[in-house]
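In: Build the 3D model from these lines:
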Amino acid sequence: MATAAELFEKLLERRGYANPDDRELFLRPEYEKSKHDPWLLPDMAPAVARLQQAQQKGERVVIYGDYDIDGLTATTLLRDAFTSFGINVETFIPNRFIEGYGLSSEAIKTLAQKGYQLVVTVDCGSLSHKEIELANELGMEVIVTDHHNVAPEMPAAVATINPKRPDHDYPFIDLAGVGVAFKLVQAMQQKMDGLPLGHEKWLLDLVAMGTVCDVVTLVDENRTNVLWGLKVLSKTRRVGLRALAEAAGVEMDSVNARHLGYVLGPHLNASGRMETAQISLDLFTALDRQKGDEVAAVLRQMNIDRRAEQDRIFAAALEQATQFEDDPVLVLSAPDWSHGIIGIVAAKILEAHKKPTYVLQEMEDGTSKGSARSYGDFSAADAIRAAESVIEKGGGHKLAAGVTLKTENIAAFRKAVNDFYRSQNFTDQHEHLKPVPDLELDSFDGLDFEFLDYLTQLEPCGNGNPEPIVRVSPVTLTEARPVGTDGRHLKIAAKDKNGRVMKGIGFGMGSQADKAGQTVTLTFKVNCNEWMGRKSVEGMVVAID
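Out: Below you'll find the model as predicted:
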């Protein structure tokens, strides 16, 4: 009979932490020991030197952000840090519906007219060669801090700090945009006065939020920053965040990564999806609780509106997808699908159809803007590059990307990305969507409250460090009945070979109620369920085979 301790030991070994030193660093990461040398990042030295010059000369500096959580947290972080260093700094957040993603020529012209001398980008800029050349022509210099894919040649910026560049020795490349901005601050601390060593830790609440919400891997430096950032966040001085947490029903004293990714993050992203992300920046920078409460209420309503619009678009996209059921990659579009929301819809279509998906809004000016979501070995960004002859611009990551093209070229784009998919000769691509168990057992032995206590050591969980999955076989489904709205979900009870019963819930699995009474393999996450003051160990079912 396996004990909770033995199961946890097996789980750690399965995840590659058999070595005691590696295990200790993973389970109990120390901020100083985990911190890599910021000077190993490319162009860090010229960036810091240029910022020193800006501080000494009293130049006007503007932080050019992005409208998602990563960009907003990075913008706030640099704003706070630059102010501490005595730099004359202001911020600019592009509007998704006007300037679009990244640096835009019109925005650059506006900033030049306002008299800024130095532009510091966060979470964008690596591919903005033309816009940076324009900035230089208009008398502004640019420092890029970013984590997106790069071109073979860097833009004509003073510095392009990006761990995705191949020409450096920094040991961890999967930093979020806010993580890159934080490394800039760490380097500045060694050359400039105003933010003493150790005081930068108060910025980790922002690093944690941006890192989790941008879904980079929660290992190495990211894991450490999020772990300690959550501790900072639990006692954050940011009154706006406290107001939003209260409005969203999150207890800040016990805030965790799931609260960031699934509750606070969507509220903060709602403003950029529906109107302007400046509203969320106002929340981060609110100085009094009254202002925080006002902005939190706006974001709360925006998130409600966003969910309603998302449901409408998703239903229409699902219907349209049936027209292209033979395509390995779905390309869907319509005029009334807001490009502020289509990224979420693309993710939901991928989940429903198990195919990489591009969803586009057809604009009145004859162009279409789209978002892509992918999985496994298929790179959404590489497919866009393969279709460069029929697009206006595009780029991003392997699993998430964006594209702009003429509406008349949508059919040609659809053909290009599907041809690219077929040219890759993928095998077992769908295997990437199947849950991979950390433990494969023949009973529920050891899956108890003590085991749940051990699992807390794995927090924060997320991309690269997922919540553990357990597979038990054989078990008998003594109960399997649909519950919830329209019976979408499945309530189960399963009995193992020893007669022990575990209850659980399978979200979106209501159609499998016909498996009641069958002997099956049950794959699930182990959770604590609390109801009417009573706690029980239950499973969140992810597969019944």
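In: Tell me which residues are up against stretch 167-174.
Out: Outside stretch 167-174, the residues that touch it by Cβ atoms under 8 Å, 6 or more residues apart in numbering are 36-37, 40-42, 147, 163-164, 216-217, 219-222, 464. Where you see a C-beta, it was placed from the backbone N, CA and C, and this is true even at glycine.
In: Produce a ChimeraX select command limited to the buried residues of those.
Out: Of these, the buried ones go into a single ChimeraX selection, burial set by 16 or more other Cβ atoms under 10 Å:
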select :36,41,42,147,163,164,216,217,219,220,221,222
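In: Tell me which of the contacts of stretch 167-174 fall in helices.
Out: 220-222 (DSSP state H).
In: Domain-wise, how is this protein divided?
Out: 34-197, 325-430, 434-544 (automatic domain parsing).
In: so which of the ones you listed gets nearest R23?
Out: In terms of Cβ to Cβ, the element of the domains of the chain nearest to R23 is domain 434-544, at 9.9 Å.
In: Do a quick rundown of the helices in the stretch 351-500 of the chain.
Out: 380-386, 410-423, 449-455 (DSSP state H, counting those that start in this stretch).
In: what's the closest of the contacts of stretch 167-174 to V475?
Out: Ranked by distance to V475 (Cβ to Cβ), the contacts of stretch 167-174 are led by G464 at 29.7 Å.
In: Q52 - how many residues pack around it?
Out: Q52 has 15 neighbours, counted by other Cβ atoms under 10 Å.
In: who are the neighbours in contact with it?
Out: Q52 makes contact with 191-192, according to Cβ under 8 Å, 6+ apart.
In: which one of the helices of the stretch 351-500 of the chain is the most hemmed in?
Out: Comparing these by mean neighbour count (mean count of other Cβ atoms under 10 Å), helix 380-386 ranks first with a mean of 21.
In: chain center to that one, what's the gap?
Out: Centroid displacement of helix 380-386 relative to its chain, using Cα atoms, centre = their mean, to the nearest Å, is 20 Å.
In: Just the CA atoms of it, as PDB, please.
Out: Extracted C-alpha coordinates of helix 380-386, given in PDB (Å, rounded to 0.1, in the frame of the first residue of the first chain):
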ATOM      1  CA  ALA A 380       1.600  29.300 -35.600                       C
ATOM      2  CA  ALA A 381       4.300  31.900 -36.100                       C
ATOM      3  CA  ASP A 382       6.200  29.800 -38.600                       C
ATOM      4  CA  ALA A 383       3.100  29.100 -40.600                       C
ATOM      5  CA  ILE A 384       2.500  32.900 -40.800                       C
ATOM      6  CA  ARG A 385       6.000  33.400 -42.200                       C
ATOM      7  CA  ALA A 386       5.400  30.600 -44.700                       C
END
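In: Identify each buried residue in the helix or strand bottoming out on mean pLDDT in the chain, please.
Out: Within the chain, no helix or strand scores below strand 393-396, which has a mean of 83 by mean pLDDT, DSSP states H and E. Going by neighbour count (16+ other Cβ under 10 Å), the buried part of strand 393-396 is 394-396.
In: from those, which is closest to S254?
Out: Once Cβ to Cβ is applied, the member of these that ends up nearest S254 is G396, at 34.1 Å.
In: which residue sits closest to that closest one in space, ignoring its chain neighbours?
Out: A381 (4.8 Å; Cβ to Cβ, 6 or more residues apart in numbering).
In: okay, now I161: neighbour count?
Out: 30.
In: Contacts only, for it.
Out: Neighbour list for I161: 41-44, 47, 143-146, 180, 183-184 [criterion: Cβ under 8 Å, 6+ apart].
In: Between those, identify the one with the most neighbours.
Out: Neighbour max across the contacts of I161 (other Cβ under 10 Å) = T145, 32 neighbours.
In: Roughly how far does that one sit from D174?
Out: Computed as Cβ to Cβ, to the nearest Å, the T145 to D174 distance reads 15 Å.
In: follow-up on the earlier one: check which helices and strands the least confident helix or strand of the chain sits against.
Out: Judged by 3 or more Cβ pairs under 8 Å, 6 or more residues apart in numbering; DSSP states H and E, strand 393-396 is in contact with helix 380-386, strand 400-406.
In: if we go to 10 Å?
Out: Under the contact criterion of 3 or more Cβ pairs under 10 Å, 6 or more residues apart in numbering; DSSP states H and E, strand 393-396 touches strand 367-373, helix 380-386, strand 400-406.
In: Pull up the pairing partners for it, direction included.
Out: strand 400-406 (antiparallel) (DSSP bridges).
In: between the strand it pairs with and helix 410-423, how big is the angle?
Out: Between strand 400-406 and helix 410-423, the angle comes out at 140 degrees (axes from the mean of the first three to the mean of the last three Cα atoms, to 10 degrees).
In: Helices of the stretch 101-250 of the chain, start to end?
Out: 105-113, 129-137, 177-189, 204-213, 220-234, 239-248.
In: Rebuild those helices as a markdown table, extending it with distance to E351 and mean pLDDT.
Out: Listed next are those as a markdown table, based on distance: least, Cβ to Cβ, whole Å; pLDDT from 0 to 100:
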| stretch | distance to E351 | mean pLDDT |
| --- | --- | --- |
| helix 105-113 | 34 | 96 |
| helix 129-137 | 35 | 97 |
| helix 177-189 | 25 | 98 |
| helix 204-213 | 19 | 96 |
| helix 220-234 | 24 | 96 |
| helix 239-248 | 24 | 95 |
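In: for these, which one ends up most surrounded?
Out: helix 204-213 (a mean of 29).
In: Return that one as CSV; C-alpha atoms alone will do.
Out: The C-alpha trace of helix 204-213 is given here as CSV (Å, rounded to 0.1, in the frame of the first residue of the first chain):
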residue,chain,number,x,y,z
LEU,A,204,7.8,41.1,-7.8
ASP,A,205,4.1,41.3,-7.5
LEU,A,206,4.0,42.7,-11.1
VAL,A,207,6.6,40.2,-12.3
ALA,A,208,4.4,37.3,-10.9
MET,A,209,1.2,38.6,-12.5
GLY,A,210,2.8,39.2,-16.0
THR,A,211,4.7,35.9,-15.9
VAL,A,212,1.7,33.8,-15.0
CYS,A,213,-0.7,35.6,-17.4
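In: And stretch 55-75, what's buried?
Out: Applying 16+ other Cβ under 10 Å to stretch 55-75 flags 55, 59-75 as buried.
In: any idea which helix is longest in this protein?
Out: Max-length helix for the chain by DSSP H is helix 289-321.
In: Tell me where this structure is predicted with low confidence.
Out: Counting by pLDDT under 70, not a single residue of the chain qualifies.
In: Make JSON lines from the helices and strands packed on strand 393-396 and add distance to T521 to it.
Out: Listed next are the helices and strands packed on strand 393-396 as JSON lines, based on distance: least, Cβ to Cβ, whole Å:
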{"stretch": "strand 367-373", "distance to T521": "28"}
{"stretch": "helix 380-386", "distance to T521": "32"}
{"stretch": "strand 400-406", "distance to T521": "32"}
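In: Could you point out which of the ones you listed sits nearest Q512?
Out: Smallest distance to Q512 across the helices and strands packed on strand 393-396 (Cβ to Cβ): 25.0 Å, for strand 367-373.
In: packing partners for the closest one?
Out: Looks like strand 367-373 contacts strand 330-334, helix 342-353, strand 357-362, helix 380-386, strand 393-396, strand 400-406, helix 410-423 (3+ Cβ pairs under 10 Å, 6+ apart).
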